[in-house]
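Peer 1: Sharing a model that was predicted from the sequence below.
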Amino acid sequence: MLRIGFIGCGGIARHHATGMQQLKSARIVAASDVVEAAAQSFAKDFGGTPYTDYRKLLKQADVDAVWVCTPTFQHPAPVIAAAKASKHIFCEKPMALKLAEAESMAEAAAKAKVRFTIGFVRRFDTQWGTLRKVVQSGALGWPVIWRFAAGGRPANPWFRDVHKGGGPLMDGAIHNYDFMLQIFGPVASVQASSLQFDKTSVGADTASVIVNFKSGDQHSLIWSWGVAAGAPVTYLNDLIGPKGALQFGMTAAQAPKGFDPQKQGALTLKTGQGRERVYTYPQRDMFLEQLKHVVGCFARGEQPLVKAEDGLKSLKVAVAVLKAGASRGTVKV
Ligand SMILES: NC(=O)c1ccc[n+]([C@@H]2O[C@H](COP(=O)([O-])OP(=O)(O)OC[C@H]3O[C@@H](n4cnc5c(N)ncnc54)[C@H](O)[C@@H]3O)[C@@H](O)[C@H]2O)c1
């Protein structure tokens, strides 16, 4: 049984806590939030002792591990304090906004010999996992360009503040940076140009980015959190290479025999002249898969799949993207 304390009781904390209710091996024993009502309603819904100061939570002897779910600029202090209090740590992504802070977090966890992981939930996504396998099989040929475009508007304003959440090319795209590093290996440079669409944002809320890998592959992203609320922004996520294009989904006519859309998903590889190959995968709740993995590892005292160095590597790319975006230039990584 892993006894867990939450630091930050907002949207994602509630999502993780709902998943924990399905696990026999996890129990929430404490919850802290600077907003007293948030800590209290979380404790009422999921259990545990509520606190407004996480330092008091860290003194609670039966807390084995903490889930740090505060806004990103508030990750370093509780992570370092939790390490000093000998608690295992799950920290939401991005690890931090500044590299020096992320390095201090990694050092604190290593020094205290606690297990420390970052919430790169896409590592547990069967759809992106299948994408990775198809690309790495060489089915698209090389080099590959991964194309991605997204819009939207997070509910809380801190997400659109470069000093608190870093904006979409930090907060949202950090999942892409971590995942692309798993597919394509090290990054050589990033080119970017950032914009501010919405005057209520603090700093850039929009950018176009090209990540160049040492392998010659590319990841291109256009992401905005500044388009008018509710305006439709087409989501794009596909990959192209010399041998063809890999797209998400398939048509009903392409469905393999026995395909169950309730339980399975599909990617389609198109290689020209009508040639197509469908790859299916089981649909799983990636947050629940992540939770089972991390809870199991912490209970056994093992390091989960995602390590502090993964948090640092993706943050290095994110910091370079923001720098390149501001100067509308190229930054070597
Ligand atoms: N893995 C994912 O896909 C995913 C999805 C959403 C959010 N996140 C990440 O999770 C983190 C939190 O996001 P959210 O959507 O839950 O934000 P949120 O604004 O809904 O919740 C944050 C909570 O932290 C509290 N808080 C702020 N400072 C605190 C402190 N010092 N101590 C204790 N509580 C404090 C706030 O009062 C709030 O209740 C961010 O880093 C975000 O990027 C990850």
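Peer 2: Now that the structure is in, tell me what you want to look at. Only a predicted model underlies this, so the values are computations on that prediction, with no experimental measurement involved.
Peer 1: Return the backbone torsion pair for the closest residue to F116 other than its chain neighbours.
Peer 2: Of all residues not flanking F116 in the chain, A109 sits nearest, at 3.6 Å (C-beta to C-beta, 6 or more residues apart in numbering). Where C-beta positions appear, they are placed from N, C-alpha and C, glycine not excepted. Phi and psi for A109, reported as degrees, to the nearest 10, are phi -70, psi -40.
Peer 1: I'd say A109 and I89 touch.
Peer 2: Yes. A109 lies in contact with I89 (C-beta atoms under 8 Å); the separation is 6.3 Å.
Peer 1: Mind listing the shared neighbours of these two?
Peer 2: Between them, A109 and I89 share these contacting residues under C-beta atoms under 8 Å, 6 or more residues apart in numbering: 79, 83, 115-116.
Peer 1: Looking at A109 and I89, which has the bigger crowd around it?
Peer 2: Neighbours were tallied for A109 and for I89 using other C-beta atoms under 10 Å; the higher tally belongs to I89 (27 against 24).
Peer 1: where does the more buried one land in three-state SS?
Peer 2: With DSSP: H, G, I helix; E, B strand; the rest coil as the basis, the three-state label of I89 is strand.
Peer 1: ok and the residue in the stretch 151-300 of the chain nearest the ligand?
Peer 2: Closest approach between the stretch 151-300 of the chain and the ligand, counting by C-beta to the nearest ligand atom: N156, at 4.1 Å.
Peer 1: Test my guess that that residue contacts V35.
Peer 2: No. Using C-beta under 8 Å, N156 is not in contact with V35; the gap is 11.9 Å.
Peer 1: Nearest residue to the closest residue to the ligand within the stretch 51-200 of the chain in space, please, no chain neighbours.
Peer 2: The ligand sits closest to E92 of the stretch 51-200 of the chain, with a gap of 3.4 Å, by C-beta to the nearest ligand atom. Of all residues not flanking E92 in the chain, G119 sits nearest, at 4.5 Å (C-beta to C-beta, 6+ apart).
Peer 1: now the helices for the stretch 101-250 of the chain?
Peer 2: Listed in chain order, the helices of the stretch 101-250 of the chain (DSSP state H, counting those that start in this stretch) span 126-136, 174-184.
Peer 1: okay, those, which one's buried deepest?
Peer 2: Comparing the helices of the stretch 101-250 of the chain by mean neighbour count (mean count of other C-beta atoms under 10 Å), helix 174-184 ranks first with a mean of 22.
Peer 1: For it, name the packing helices and strands.
Peer 2: helix 126-136, strand 145-150, strand 206-213, strand 218-224, helix 308-327 (3 or more C-beta pairs under 8 Å, 6 or more residues apart in numbering; DSSP states H and E).
Peer 1: How far away from the center of its chain is that helix?
Peer 2: 10 Å (C-alpha atoms, centre = their mean, to the nearest Å).
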